[in-house]
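Asker: mind looking at a prediction? Sequence and model below.
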Amino acid sequence: MIKPDKFVPYLYLLPALVFLLLVYIPIFQNIGDSMYNWSTFSPDKAFVGMDNYFTLFKDPVFYEALKNNILYAVISIVFQVFGGLIIAAVLEDKLIRKFSPIFRTVYFLPVVVSMTVIALLFSFFYNPEVGLLNQFLKMIGLNNLALPWLGDSETAIYAVIAVSQWQSIGYIAMLYIVSIQKISPELYEAAEMDGANKIKTFFHITVPATKEMTFVAVILTLTGAFTVFNEPYILTGGGPGTSSEVLSTYLYKTAFSKDMMGYASAIATVILIITLLISLVQMKIFKTGKED
Amino acid sequence: MEMPKSTIGVPELVVEDLEYARKRKTYNMRIALVYAGLIAYFLVVAYPLLWMVISSFKSTEEIFNHSWSLPHTWLFENYVTAWNSGISSYFLNSVMVTGMTCMLTVLVSALGAYGLSRFDFRGKAFILVICLGGLMLSPQVSLIPLYNIIQKLGIYNTHWALILPYVAYRIPLTILLIRAYFLSIPKELEEAARLDGCTNLGILFRIFIPMSKPILLTTVILTAYYTWNEFMFAIIFIDDDSLRTIPAGLMQFRDALQTDWGVLLSGLTISAAPIVILFLFMQKYFIRGIASGSVK
């Protein structure tokens, strides 16, 4: 390590630190903002203390949004983490490996397509009359399942969540593939010698050996589920009614349609607290993991 | 050496072989089932994307009435119409914003990573923590204050309103990635260069940056991928349709072309193409990036 003039290293870091201000200042400012009632067009800010939070905790739309985020999280963990692990394990099996690059590449493709494109595309598929989904359901004789998926408050949130799964399973699967490739092949050979079948091998070797990746995958999916914005915004706009509202879309509407900036800041703080809690759990688990 | 497999196919009427053949049969059945599952999921993923491309050559009427078939006549003019009704401007805006964001991100991160990997100074640990913490903060939380800051800086409704936040949200990850790579560069090289009279900045640009091409490429790809697809900032920080990037522009495009599905799908295909092509050609770097960062 060099020890030249004291200020030299700071000069190298200065540009980065200036940019990082754009990440950190808003976080603190947001907490302050949430204690005022204000709008973009009026210059007056009225201090209201914690009132925005008290209103928020009595707001049924807030609970509906939060419930949808939780639903998002649960379904995403099942499909992305569990599904991704199974897909990765199958693709990395030596019997399949010959063809796995093509499967792997195609499964990953939706990840690189923007959610805007995907959501607009799926709004075609969900079209009640001419959409592919209902055409397909009618073709295989499931006429009574041909529902107006995005237009019904019972099904809208599930239709939205399904699109996210379609995009992201390949992403988590790819992370698992990278992780499985690091497992020593001798472990699998030894298991085969002992006559263990594939399912046993999966539970006794693959699952424990990818434990760390599972933590990462769970954290990623949870964070994603509690900050999701694009899919509901484009597919349903949170509707019908407020049935597919999530915290981020509610935040957006409150801020930019209703111009209730203070109240929207309070919603943002709730998202901040949820994501920080998830990160804290992550740090805690990783720390204990290292001490083992 | 591998055992010759020929015995399996040869019909020899020995009881043991029959037993073996039966086992082999259920075994093959299982593999066939696994393949059936893989192919089914393959279709679920690939068909919608393929449908988008195929239908982009159809007329609206044909998309409605013959959704599953190939186009009767391939309407290449759908692409011309899409390009001329807005996509060209969104596309160029995206190229500009993505290019600037990538350049700034790599430059700022390389400088920062160099500072963090080659010097000892007070507050180094703190800056590392700030970078790590930056990975955990989601843009949703900052949306409203950022909106105000951007207006106060006088850059609202300009490309800078996107570029600056994009760079800010990318550098925590990219600094850490580049720093890890810089740390692996042997010190001897640096010392030799110093003896030859190289300055710090010279060492960064003549030794570190040329030697770190793989990680810098990974960084550029990750940043391009993020910037090209980013949606939330893109719809909020830019108001003027002529300045919009693709993800935001597509919303406008949809509203303007509600009845012309073929043209709309052409627009979607044009928008998705650059990053898909980048991925197909640079898969290794893409995967290295997502695996080391574990950040979408």
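Answerer: All right, it came through fine. Fair warning: this is a prediction, and the values are worked out from it, not measured in the lab.
Asker: residue A:113 against residue B:276, yeah?
Answerer: Yes - the criterion here is Cβ atoms under 8 Å, and residue A:113 meets it with residue B:276 at 6.5 Å. All C-beta atoms are positioned from the backbone trio N, CA, C, and that covers glycine.
Asker: and those two? which has more neighbours close in?
Answerer: More neighbours surround residue A:113 than the other of residue A:113 and residue B:276, with 22 against 17 (other Cβ atoms under 10 Å in any protein chain shown).
Asker: what secondary structure does residue B:197 sit in?
Answerer: Look at residue B:197: counting by DSSP: H, G, I helix; E, B strand; the rest coil, its state is coil.
Asker: revised request: answer the last question for residue A:118.
Answerer: helix.
Asker: distance check, it against residue A:219.
Answerer: Here residue A:118 is placed at a distance of 23 Å from residue A:219 (Cβ to Cβ, to the nearest Å).
Asker: and if you look at residue A:51?
Answerer: Relative to residue A:219, and taking Cβ to Cβ, residue A:51 is found at 33 Å.
Asker: between these two, which one's more packed in?
Answerer: Set residue A:51 next to residue A:219 and count neighbours by other Cβ under 10 Å: residue A:219 wins out with 20 against 17.
Asker: surely that one and residue A:278 touch.
Answerer: Yes - if you go by Cβ under 8 Å, residue A:219 and residue A:278 touch, sitting 6.1 Å apart.
Asker: most residues in a single helix of the chain, which one?
Answerer: Went with chain A since none was named. helix A:261-291 (DSSP state H).
Asker: should've been chain B
Answerer: helix B:15-55.
Asker: average pLDDT across that helix?
Answerer: Per-region confidence: helix B:15-55 scores 87 on mean pLDDT.
Asker: near the spatially closest residue to residue B:260 that is not a sequence neighbour, how many other residues are there?
Answerer: Once flanking residues are discounted, residue B:260 sits nearest to residue B:60: 5.9 Å by Cβ to Cβ, 6 or more residues apart in numbering or on different chains. A total of 18 residues lie near residue B:60 under the criterion other Cβ under 10 Å.
Asker: shouldn't residue B:60 be in contact with residue B:261?
Answerer: Yes - with contact defined as Cβ under 8 Å, residue B:60 reaches residue B:261; the gap is 4.6 Å.
Asker: a strand runs through residue A:128, doesn't it?
Answerer: No - using three-state DSSP, the assignment for residue A:128 is coil, not a strand.
Asker: quick check: closest non-adjacent residue to it.
Answerer: residue A:148 (4.0 Å).
Asker: same thing with residue B:285?
Answerer: That would be residue B:218: by Cβ to Cβ, 6+ apart, it lies 4.7 Å from residue B:285.
Asker: what's around the one you found, how many residues?
Answerer: Residue B:218: 26 neighbours (other Cβ under 10 Å).
Asker: any idea which helix or strand carries it?
Answerer: helix B:213-229 (DSSP states H and E).
Asker: and for the helix or strand just after that helix, what are the contacting residues?
Answerer: Elements were assigned by DSSP H and E; along the chain past helix B:213-229, the next helix or strand is helix B:232-236. Helix B:232-236 is contacted by residues A:229-230, A:248, A:252, A:256, B:139-140, B:143, B:146-147, B:161-162, B:165-166, B:244-245, B:247-248, B:251 when judged by Cβ atoms under 8 Å, 6 or more residues apart in numbering or on different chains.
Asker: how much space separates residue A:158 from residue B:20?
Answerer: From residue A:158 to residue B:20 the distance is 48 Å (Cβ to Cβ).
Asker: which one is the residue of the stretch 101-250 of chain A found nearest chain B nearest to, not counting chain neighbours?
Answerer: The stretch 101-250 of chain A approaches chain B most closely through residue A:114 (3.5 Å), counting by Cβ to the nearest Cβ. Using Cβ to Cβ, 6+ apart and skipping residues adjacent in sequence, the residue nearest residue A:114 is residue B:229, 3.5 Å away.
Asker: for the nearest residue to residue B:111 once chain neighbours are set aside, what are its contacts?
Answerer: Closest residue to residue B:111 apart from its sequence neighbours, by Cβ to Cβ, 6+ apart: residue A:12 at 4.8 Å. Neighbouring residues of residue A:12 by Cβ under 8 Å, 6+ apart: B:111, B:112, B:114, B:115, B:119.
Asker: got those residues as JSON lines, with neighbour count and distance to residue A:262 columns?
Answerer: Converted to JSON lines, these look like this (neighbours: other Cβ atoms under 10 Å in any protein chain shown; distance: Cβ to Cβ, whole Å):
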{"residue": "B:111", "neighbour count": "20", "distance to residue A:262": "38"}
{"residue": "B:112", "neighbour count": "28", "distance to residue A:262": "35"}
{"residue": "B:114", "neighbour count": "24", "distance to residue A:262": "42"}
{"residue": "B:115", "neighbour count": "27", "distance to residue A:262": "39"}
{"residue": "B:119", "neighbour count": "19", "distance to residue A:262": "43"}
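Asker: among those residues, name the ones in helices.
Answerer: Those of the contacts of residue A:12 lying in helices (DSSP H): B:111, B:112, B:114, B:115.
Asker: any chance of the residues you listed in TSV, plus pLDDT?
Answerer: Output for the ones in helices among the contacts of residue A:12, formatted as TSV (pLDDT from 0 to 100):
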residue	pLDDT
B:111	96
B:112	95
B:114	94
B:115	93
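Asker: so which helix or strand of chain B has the lowest pLDDT on average?
Answerer: helix B:283-293 (a mean of 80; mean pLDDT, DSSP states H and E).
Asker: now the angle from that helix to helix B:213-229?
Answerer: Per axes from the mean of the first three to the mean of the last three Cα atoms, to 10 degrees, the angle that helix B:283-293 makes with helix B:213-229 is 80 degrees.
Asker: can you list the buried residues in helix B:283-293?
Answerer: Across helix B:283-293, burial judged by 16 or more other Cβ atoms under 10 Å in any protein chain shown covers B:285, B:286, B:287, B:288, B:289, B:290, B:291, B:292, B:293.
Asker: show me which of those residues is closest to residue A:44.
Answerer: residue B:293 (43.5 Å; Cβ to Cβ).
Asker: which residues of the chain score low on pLDDT?
Answerer: In the absence of a named chain, chain A is used. Scanning chain A for pLDDT under 70 picks out A:1-4, A:43, A:286-292.
Asker: you looked at the wrong chain, it should be chain B
Answerer: For chain B (pLDDT under 70), the answer is B:1-16, B:293-296.
Asker: switch the cut-off to 80
Answerer: B:1-27, B:257-259, B:290-296 (pLDDT under 80).
Asker: not counting sequence-adjacent ones, nearest residue to the most centrally placed residue in it?
Answerer: By Cα atoms, centre = their mean, chain B has its centre lying nearest to residue B:225, at 3.0 Å. With Cβ to Cβ, 6+ apart as the criterion, residue B:225 has its nearest non-adjacent residue at 5.7 Å, and that residue is residue B:275.
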